[in-house]
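S.K.: Need a 3D model of the following:
(one chain, ligands or ions: 2)
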Amino acid sequence: MADIGLVGFPSAGKSSLIAAISRAKPKIADYPFTTLIPNLGVVVAGETVFTVADVPGLIEGASLGKGLGHEFLRHIERCQAIVHVVDMATYEPGRDPLSDLDVIEGELAAHGGLDDRPRLVALNKVDVPDARDLTDIVLDDVQQRGWPVFVISTKSGEGLTPLIYAMAAIVQARRDAAPPPEPKRIIISPKAQPAKGTEFSIRQMGDGEGGFVWRVEGEKPQRWVKQTDFLNEEAVGFLADRLHRLGVEDELLRLGAKEGDAVAIGAGVDPVVFDFQPQIETDTEIVSRRGSDQRFDSKRPSVLRRRELDAEYHAFKAEKEGH
Ligand SMILES: Nc1nc2c(ncn2[C@@H]2O[C@H](COP(=O)(O)OP(=O)(O)OP(=O)(O)O)[C@@H](O)[C@H]2O)c(=O)[nH]1
Ligand SMILES: [Mg+2]
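M.R.: Numbers count the residues shown, from 1 in each chain. Ligands and ions are numbered 1, 2, ... in the order given. I've put the predicted structure just below:
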């Protein structure tokens, strides 16, 4: 759903980059939708406002599903452009910036369907002297790949401005070339307009990349989402209650939304995006007392699944890093 997707090995500095360049970093807790995009930052560059998704580190074999590769690569499919974040500071036998790029590109190629996405390369951590030296050595070779290369440090801020303007230029060019596809791509679904008495509308919309998203619009849901501190589980639970009581979940199910579908609440450039996770026993959960809130019950299937995924990712990461 983001305009730009950051890819790179674990610990290359993707999360740091998004934190350094964006002003908003919503993190979405587990209920009733799980996070679609691990981190989504809104970046402002001159007149252009765009979103950058921070996708967890890819590792060799990601296209085969290793280290959750499928899930992450699926996120990248939703982006219009790809930025390689390359770690210039970490020395590991068998790894160097060029082969890191090749491995990631190999995974993107094996996943397929991403060839048309423009690429930028960000050589990161050049505040570290060794990283700077390595950058000097490999810069020419990296440039040979034909993509614009930026030498950056998320720590010192060096090189970030040219990078975000380059991202913005890509996003703007694609927007100009393809004027907002949304109106034409709306799939007419029953009651696209709010019926009398309803306080929101849900439309299934193309995301411009062959996928779709359920877009929830309405004064209340949008206001509630804006008011929610997504780092606070209780606040997210409260939001979930409100959305449920308003009938958002029921309506999504009625329209045919399936578990895992993308749901965006809000309009414009800054919707909050979730994976839809319908709760079969929602009514029981809703009547349970606050404080004994089963949404955070660690035995809930989606919580367990999520923990498994986290554990899997971290295991692969640790293995890769050799500890
Ligand atoms: N010196 C230096 N360290 C950096 C820089 N950018 C990131 N780091 C460090 O590198 C480590 C990994 O950074 P993250 O931003 O978490 O990396 P990531 O790519 O998001 O990692 P995953 O989410 O695991 O894929 C952290 O300890 C950061 O502080 C930089 O520009 N300079
Ligand atoms: Mg990260």
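S.K.: To which secondary structure element is Val42 assigned?
M.R.: strand 39-45 (DSSP states H and E).
S.K.: Please report how far Glu105 lies from ligand 1.
M.R.: 17 Å (CB to the nearest ligand atom, to the nearest Å). (C-beta placed from N, C-alpha, C; glycine too.)
S.K.: for Gly256, that is, sorry about that
M.R.: As defined by CB to the nearest ligand atom, Gly256 lies at a distance of 34 Å from ligand 1.
S.K.: how about the residues of this protein near ligand 2?
M.R.: Contact residues, the chain versus ligand 2 (CB under 5 Å from the ion): 14-15.
S.K.: can you pull out the helices in the chain?
M.R.: Along the chain, counting by DSSP state H, helices occupy 14-21, 69-77, 97-111, 129-144, 160-177, 182-185, 219-227, 233-246, 248-255, 282-287, 301-321.
S.K.: Can you tell me which of those helices is most buried?
M.R.: Comparing the helices of the chain by mean neighbour count (mean count of other CB atoms under 10 Å), helix 14-21 comes out on top with a mean of 21.
S.K.: Mind exporting the C-alpha coordinates of that helix to PDB?
M.R.: Output of helix 14-21 as PDB, limited to C-alpha atoms (Å, rounded to 0.1, in the frame of the first residue of the first chain):
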ATOM      1  CA  LYS A  14      15.500   0.000   7.100                       C
ATOM      2  CA  SER A  15      13.600   0.800  10.200                       C
ATOM      3  CA  SER A  16      16.100   3.500  11.100                       C
ATOM      4  CA  LEU A  17      15.700   5.000   7.700                       C
ATOM      5  CA  ILE A  18      12.000   5.200   8.000                       C
ATOM      6  CA  ALA A  19      12.300   6.700  11.400                       C
ATOM      7  CA  ALA A  20      14.800   9.300  10.100                       C
ATOM      8  CA  ILE A  21      12.700  10.500   7.100                       C
END
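S.K.: what mean pLDDT does it have?
M.R.: What helix 14-21 shows for mean pLDDT is 86.
S.K.: Excluding residues flanking it in the chain, which one is nearest the one residue in the stretch 1-150 of the chain that gets nearest to ligand 2?
M.R.: Distances between the stretch 1-150 of the chain and ligand 2 by CB to the ion are smallest at Ser15, namely 3.2 Å. Nearest residue to Ser15, sequence neighbours excluded (CB to CB, 6 or more residues apart in numbering): Asp54, at 5.1 Å.
S.K.: Would you check that the one you found makes contact with Val7?
M.R.: No: under the criterion of CB atoms under 8 Å, Asp54 makes no contact with Val7, lying 9.7 Å away.
S.K.: quick one, which of those two is more surrounded?
M.R.: It is Val7, of Asp54 and Val7, that has more neighbours when counted by other CB atoms under 10 Å, with 30 against 27.
S.K.: Report the beta-bridge partner residues of that one.
M.R.: In this entry, Val7 is beta-bridged to His84, by DSSP bridges.
S.K.: so how far is Ile18 from the residue nearest to Ser15?
M.R.: If you measure Asp54 against Ile18 using CB to CB, to the nearest Å, the figure is 4 Å.
S.K.: next one: phi and psi at Gly218?
M.R.: Gly218 adopts backbone torsions of phi 160, psi 150, taken as degrees, to the nearest 10.
S.K.: In this structure it contacts Ser201, no?
M.R.: Yes: look at Gly218 against Ser201 with CB under 8 Å: they come within range, at 6.4 Å.
S.K.: still on that earlier bit, which residues are common contacts for Asp54 and Val7?
M.R.: Here Asp54 and Val7 have Lys14 as joint contacts, going by CB atoms under 8 Å, 6 or more residues apart in numbering.
S.K.: Which residue, neighbours along the chain excluded, lies closest to Asp250?
M.R.: Closest to Asp250 by CB to CB, 6+ apart is His244, at 7.9 Å.
S.K.: Leu108 now?
M.R.: Nearest one to Leu108, counting by CB to CB, 6+ apart, is Leu114 at 4.8 Å.
S.K.: from what I can see that neighbour touches Ile76, true?
M.R.: Yes: here Leu114 reaches Ile76: they are 6.6 Å apart, a contact under CB under 8 Å.
S.K.: Give the intersection of the neighbour lists for these two.
M.R.: With CB under 8 Å, 6+ apart, Leu114 and Ile76 have common neighbours 82, 108.
S.K.: Below-threshold pLDDT in the stretch 201-323 of the chain: ranges please.
M.R.: 206-211, 229-233, 267-271, 275, 278-318, 320-323 (pLDDT under 70).
S.K.: Test my guess that Ala264 contacts Phe212.
M.R.: No: in this structure, Ala264 is not within contact of Phe212 by CB under 8 Å, at 10.4 Å.
S.K.: More neighbours: which of these two?
M.R.: Just comparing Ala264 and Phe212: by other CB under 10 Å the higher neighbour count belongs to Ala264, 20 against 16.
S.K.: For that one, give the beta-bridge partners.
M.R.: Going by DSSP bridges, Ala264 forms beta bridges with Arg215, Val273.
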